[in-house]
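K.L.:
All I have is the shape, not the residue letters:
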């Protein structure tokens, strides 16, 4: 029972990180019908930039832990958003009208480029975050749970709820939803689709970069290739929940995190990474529109 | 027009054959080995080209079929002492069956979904190999002590001996695949790549042809796996990872998807250029990524683009005569 509870909360923490990254995939796919293969690498950039800013400015010493981390998070998310916008301009915008395959290859090229640029700057070895977070545990339903694990879940869920409200309630959010449904009609209604794409490439990478910072703080160890596996799993989460669907990414991420944690604990740890891929293949065969997926215009 | 391209192609192939045949005279063992890798990658890229280029199915897990072939040979060779070249058909059959089995439920998926699923399949195969599935694959260390091939009593061991074995197989493959391109099967694949709905409407059984493309491509990748296992004598899961599939994908796309000379050129450049620029080892992947992005904007059809087949005057006359 104790192991089950620990694995469950662990799965929720990992899952909320997957969900944060998945939002980037799902929003870009929603508007551009493009799998942004470089998104996982933007996540890695968040983790590395977070480490550099953390160790060079020591904000948590000057401003106190909570405020220091908030300022750090804003800086990291802003910088990764800038990289995201540049990425869209350089690698995707020139190919907007090209066949799908060209955009996919360009996305892969961007991913390889970003990953190797990071390796040239930081070196190929693992990097370690400084230990600044409290290691305390709190009692939850009679079990001891690390306070950070709860914090990761709470932070992610808050961000996602804010995003959901933004997309549902604001004018910009409405424009994003309109462009996702039909770009041509949205343009006729006076929506600047290019601007919508830029906004999507601000929000998605910012959330992905934030997730990278969370992973660095929570696990302490980062590597320049970690974006690939996190990216694939987050993409699985996005498909699981229904790609293009924001609450879907949330549900898919949490579900995938829990399935993976429980699978690793009770079935086989060595096959941990295979579970996500198995889930991905099964969902695409059985229900390609995902759990919360709405209409699928095209047969896939 | 068509005749001129055919002549040019024939001259190109003749020069390539002359170069390969004479290579041991002026290249040292290291560069002969590079040439051997080029041969293996040309085979793999051509096999992927059947799936990705001709049928237009985004397969980014091709290394899995390669792995199945290599492991089939390794297991048959080390456990049952079967001579290497006798395992070629076994590798082909096992890889083709495996491909049919795994592609069957996913082959109808649209472009980029298929891409992601095949990435997943490739990763599952790699993880299975690392976890020593069925106790046969030797786990992360792989399998070692694979025997050397023997041709007409001659044991093939040195790089220049492998050169002739591998490139003979390449020559046969290129010849067969050119014939295949012109066949009913090849044209059906091209048709369903251009427009699956119209192809289905004209009586092309799209699901069946897609599966056949997968099976045939996998069979060829499997046989290349046999040659690879024979050349290395040691195989391990890390040779068949995601990166391997990406490189194969790029060879096809950069060279010219659907064009046999294009894919050969793509494979050659992707293997040889990093060897030439060994001095810039750390930055070369960076450049590689950049080239991919620029290529898609400047020349998305690849270096030597696929040419649409046209009927020659003589074909029309022959068709008229036979009626």
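P.N.:
That came through, no problem. Not measured: the values here are computed from a predicted model.

K.L.:
Please list the residues of the stretch 151-300 of chain B that sit near chain A.
P.N.:
Residues of the stretch 151-300 of chain B lying close to chain A (Cβ under 8 Å from any Cβ of the partner chain) are B:242, B:246, B:249-250, B:253, B:257, B:282-283, B:285-286, B:288-293, B:295-297, B:300. All C-beta atoms are positioned from the backbone trio N, CA, C, and that covers glycine.

K.L.:
Got a PyMOL select line for the buried ones in these?
P.N.:
Only the buried entries of these go into this PyMOL selection, using 16 or more other Cβ atoms under 10 Å in any protein chain shown:
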select buried, chain B and resi 242+246+249+250+253+257+285+286+288+289+290+291+292+293+295+296+300
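
K.L.:
Flag every buried residue along the helix or strand residue B:269 falls within.
P.N.:
Using DSSP states H and E, residue B:269 falls within helix B:260-276. When burial is assessed from 16+ other Cβ under 10 Å, helix B:260-276 yields the following buried residues: B:260-272, B:274.

K.L.:
can you pull the contacts of residue 215?
P.N.:
No chain in the question, so chain A it is. The neighbourhood of residue A:215, defined by Cβ atoms under 8 Å, 6 or more residues apart in numbering or on different chains, consists of A:17, A:43, A:47, A:222, A:226, A:230.

K.L.:
nope, chain B please
P.N.:
Shown in contact with residue B:215 (Cβ under 8 Å, 6+ apart): B:96, B:97, B:99, B:100, B:103.

K.L.:
Give the burial count for the last one, as a bare number.
P.N.:
By the criterion of other Cβ atoms under 10 Å in any protein chain shown, residue B:103 has 26 neighbours.

K.L.:
That one against residue B:211, yeah?
P.N.:
Yes: contact criterion Cβ atoms under 8 Å: residue B:103 and residue B:211 qualify, at 6.0 Å.

K.L.:
mind checking the longest helix of chain B?
P.N.:
helix B:206-232 (DSSP state H).

K.L.:
any idea which element whatever residue of the stretch 1-150 of chain B ends up closest to chain A lies in?
P.N.:
For the stretch 1-150 of chain B, the residue closest to chain A is residue B:120, as judged by Cβ to the nearest Cβ, at 3.7 Å. Per DSSP H and E, residue B:120 falls inside helix B:111-130.

K.L.:
Does anything pack onto that helix? Which helices or strands?
P.N.:
Secondary-structure packing of helix B:111-130 (3 or more Cβ pairs under 8 Å, 6 or more residues apart in numbering or on different chains; DSSP states H and E): helix A:100-122, helix A:226-241, helix A:272-286, helix B:62-80, helix B:242-256.

K.L.:
okay, those in a markdown table with distance to residue A:155 and mean pLDDT next?
P.N.:
Listed next are these as a markdown table, based on distance: least, Cβ to Cβ, whole Å; pLDDT from 0 to 100:
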| stretch | distance to residue A:155 | mean pLDDT |
| --- | --- | --- |
| helix A:100-122 | 24 | 88 |
| helix A:226-241 | 16 | 90 |
| helix A:272-286 | 23 | 84 |
| helix B:62-80 | 38 | 92 |
| helix B:242-256 | 31 | 88 |
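
K.L.:
could you dump those to TSV with distance to residue A:69?
P.N.:
Shown next, in TSV, are those (distance: least, Cβ to Cβ, whole Å):
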stretch	distance to residue A:69
helix A:100-122	22
helix A:226-241	21
helix A:272-286	29
helix B:62-80	41
helix B:242-256	34
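
K.L.:
Out of those helices, the one nearest residue A:257 is which?
P.N.:
Smallest distance to residue A:257 across these (Cβ to Cβ): 8.0 Å, for helix A:226-241.

K.L.:
what is the orientation angle of the helix holding residue B:120 with helix A:226-241?
P.N.:
Interaxial angle of helix B:111-130 relative to helix A:226-241 (axes from the mean of the first three to the mean of the last three Cα atoms, to 10 degrees): 120 degrees.

K.L.:
any idea of the angle helix B:111-130 forms with helix B:62-80?
P.N.:
Using the same axes, to 10 degrees, helix B:111-130 lies at 30 degrees relative to helix B:62-80.

K.L.:
what's the angle from helix B:111-130 to helix A:100-122?
P.N.:
With the same axes, to 10 degrees applied, the angle from helix B:111-130 to helix A:100-122 works out at 50 degrees.

K.L.:
Now find how far off-centre the helix or strand following helix B:111-130 is within its chain.
P.N.:
Using DSSP H and E, the helix or strand that follows helix B:111-130 towards the C-terminus is strand B:143-144. Remark: strand B:143-144 is offset 23 Å from the chain centroid, using Cα atoms, centre = their mean, to the nearest Å.
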